[in-house]
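Peer 1: Following is a predicted model, sequence given first.
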Amino acid sequence: MLKNNLKEIAVIGQGYVGLPLAIRAAEVGYLVYGVEKEKRRLELLKQGTSYIGDISSEIVQKYLDRNYFPIPPEELKQYDVAVITVPTPLHDGEPDLSYVIDAVDLLGRSLRKGALVILESTTYPGTTEEILCPRLEQATGLIAGIDFYVGYSPERIDPGNKIWQLSNTPKIISGINKESLERVRDFYSKLVQTVVVTKGTKEAELAKLLENTFRQVNIALVNELMMHTKQLDVDIWNAIEAAATKPFGFMPFYPGPGVGGHCLPVDPVYLSWKIRNLNRQGVRLVELANEINSMMPDFVIKRVTEILNNSGKSVKGSKILCYGLAYKADTSDLRESPAYEVVLELLRLGAEIKVIDGFVNPSELDPLITLISKSEANHQEYDLVAILTDHSDIDYNNLAKEARQVLDTRHIVSGDNVYYL
Ligand code: SAJ
């Protein structure tokens, strides 16, 4: 606490979760340290430049060096509240908590009595109480819940979502004990409109995994149904639209080229991994959903092969124009992107590929990938045009009119020359 009574907040990790949280905390009047270990990101923040789409550089500049201070980890000297917002990826298919542990060890070096530590990173039930608390107690000799306080609150940031932002999305909060929960509630109540209290930290950890596992499993369901109902000559998209008219008890998901991003392909694995360690079985539905969704890029390749074959062509030597590389529409994120996987496989099979994606960063692409602008697209010259990611900056109707053949993996355009998955 500074002499002018401003609470000091440390947000560890200034990514798509940490930066919006840090800026929001600055906005409501806290003194905020945005702790970022990547030098390039730190430089940009110190210049008042945002690299996160949802946060403008103007808003960073508004609080910069007033009550928002981007700092490297080694400069973190003290805090009243610390929030960990670092990635929890997979490493060889298993949870990788190394970023969380580094953040916990950093906080352990300057943890003072009475401070509050909150974990926001998506992880399996038990992480807060089985890993974070003991590590902080060991580092400080203090007792969690008594000398310092601990909570868990999952992030619900949806990059690019203009409607649901940090402040108006209900925030699940939890504490390792009553005293911790009250401090967690006090902190977030100033930042968000609605807090949702769970019984404990494990319920909050599970709630987050449930949110994304629900999506992964239901997307796998429609992907598998799509593959099977093809043989029945049933239009599953039409059936889903009809089912979606049910005003209760149903939520539509759509078949696609696969499930990408750093949430859905990853979070459910944390759940299954933890349970597998307990009962050797894992969560079979999660593992089956992952298996089905990860099959989809191969299914796309099969459809490309079939379509070209029907016009007497092999993939090898065919000219294919692919729309979209990012994992979902209107994002630049390539993580686990099925579209990216499809393009690399088509290249491996010997197709002559050009790609259009106005969102991705060309410098992040495999050098084998040739990116062209949409103005350079002469659809007639390609044996096949494949829509892999349906970014909203493309006129798909015009594309379908001009192209000889279209494989539309997102079912967004129609025509006699348009094929679906
Ligand atoms: N996908 C399908 N069919 C669908 C929906 C999605 O194939 O019906 C694919 C997408 O193309 C993408 C992947 O699944 O490759 C993931 O799509 P997503 O819409 O779930 O988007 P994400 O991964 O950005 O999920 C995030 C999550 N937000 C957080 O974790 C805070 C998720 O909980 C949100 O529900 C989702 O955004 C959202 O609703 O936008």
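Peer 2: Cool, the structure landed. Residues are numbered from 1 along each chain as shown.

Peer 1: Just the element for the residue in the chain sticking out farthest from the centre, please.
Peer 2: Most distant from the centre of the chain: residue 312, at 40.3 Å, with distances by CA atoms, centre = their mean. Using DSSP states H and E, residue 312 is not contained in any helix or strand.

Peer 1: likewise residue 297?
Peer 2: helix 284-310.

Peer 1: Which positions in that helix come out as buried?
Peer 2: 286-287, 289-290, 292-297, 299-301, 303-305, 307-308 (16 or more other CB atoms under 10 Å). To be clear about C-beta, it is placed using only N, CA and C from the backbone, and glycine gets the same treatment.

Peer 1: next one: stretch 250-269
Peer 2: Neighbour count says stretch 250-269 has 253-269 buried, by 16+ other CB under 10 Å.

Peer 1: end to end, how far does it reach?
Peer 2: Stretch 250-269 stretches 25 Å from its first residue to its last (CA to CA, to the nearest Å).

Peer 1: Which parts of the stretch 151-300 of the chain are helices?
Peer 2: 178-189, 201-229, 236-243, 267-279, 284-310 (DSSP state H, counting those that start in this stretch).

Peer 1: does the third one come close to the ligand?
Peer 2: No - contact between helix 236-243 and the ligand is absent, the nearest approach being 8.9 Å (criterion: CB under 6 Å from any ligand atom).

Peer 1: Keep only the buried residues of stretch 250-269 that also lie close to the ligand.
Peer 2: Near the ligand, by the rule CB under 6 Å from any ligand atom, you find 253, 254, 256, 259, 260, 261, 263, 264 out of the buried residues of stretch 250-269.

Peer 1: Can you tell me how far the second one is from residue 187?
Peer 2: It refers to residue 254. Applying CB to CB, to the nearest Å, the value for residue 254 to residue 187 is 38 Å.

Peer 1: Check the first one too.
Peer 2: From residue 253 across to residue 187, the span is 35 Å (CB to CB).

Peer 1: residues from the protein in reach of the ligand?
Peer 2: 155-158, 211-212, 215, 219, 253-254, 256, 259-261, 263-264, 327-328.

Peer 1: taking these one by one, which sit in strands?
Peer 2: Of those, none are assigned to strands by DSSP state E.

Peer 1: just to revisit the earlier point, measure how the next helix or strand after the helix holding residue 297 sits relative to helix 284-310, angle-wise.
Peer 2: For helix 284-310, the following helix or strand on the C-terminal side (DSSP H and E) is strand 319-323. If you take axes from the mean of the first three to the mean of the last three CA atoms, to 10 degrees, strand 319-323 sits at 140 degrees to helix 284-310.

Peer 1: So for the helix or strand following strand 319-323, what gets flagged as buried?
Peer 2: Per DSSP H and E, the first helix or strand lying C-terminal to strand 319-323 is helix 338-348. Within helix 338-348, the residues that count as buried by 16+ other CB under 10 Å are 338, 339, 340, 341, 342, 343, 344, 345, 346, 347.

Peer 1: If we only consider those, which is nearest to the ligand?
Peer 2: Of all the buried residues of helix 338-348, residue 338 has the smallest distance to the ligand: 6.3 Å, by CB to the nearest ligand atom.

Peer 1: contacting residues around the closest residue to that closest one other than its chain neighbours?
Peer 2: Spatially, and ignoring its direct neighbours in sequence, residue 338 is nearest to residue 258 (2.8 Å; CB to CB, 6 or more residues apart in numbering). Applying CB atoms under 8 Å, 6 or more residues apart in numbering to residue 258 gives the contacts 293, 294, 295, 296, 297, 300, 338, 341.

Peer 1: for residue 419, phi and psi?
Peer 2: phi -110, psi 150 (degrees, to the nearest 10).

Peer 1: doesn't residue 304 make contact with it?
Peer 2: No - using CB atoms under 8 Å, residue 419 is not in contact with residue 304; the gap is 9.4 Å.

Peer 1: Now for the two: what residues contact both?
Peer 2: Counting by CB under 8 Å, 6+ apart, the common neighbours of residue 419 and residue 304 are residue 407.

Peer 1: just for the stretch 201-350 of the chain, where's the confidence low?
Peer 2: For the stretch 201-350 of the chain, no stretch is flagged by pLDDT under 70.

Peer 1: re earlier: would you mind giving the ones next to the ligand among the buried residues of stretch 250-269 as a markdown table with distance to residue 99 added?
Peer 2: Output for these, formatted as a markdown table (distance: CB to CB, whole Å):
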| residue | distance to residue 99 |
| --- | --- |
| 253 | 30 |
| 254 | 32 |
| 256 | 29 |
| 259 | 23 |
| 260 | 20 |
| 261 | 18 |
| 263 | 16 |
| 264 | 19 |
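
Peer 1: among the residues you listed, which two are most distant?
Peer 2: In terms of CB to CB, those reach their longest pairwise distance at 254 and 263, which sit 17.1 Å apart.

Peer 1: For the residue farthest from the centre of the chain, which residues are in contact?
Peer 2: By CB under 8 Å, 6+ apart, residue 312 has no neighbours at all.

Peer 1: I'd like the distance between residue 312 and residue 383.
Peer 2: Separation of residue 312 from residue 383 (CB to CB): 10 Å.
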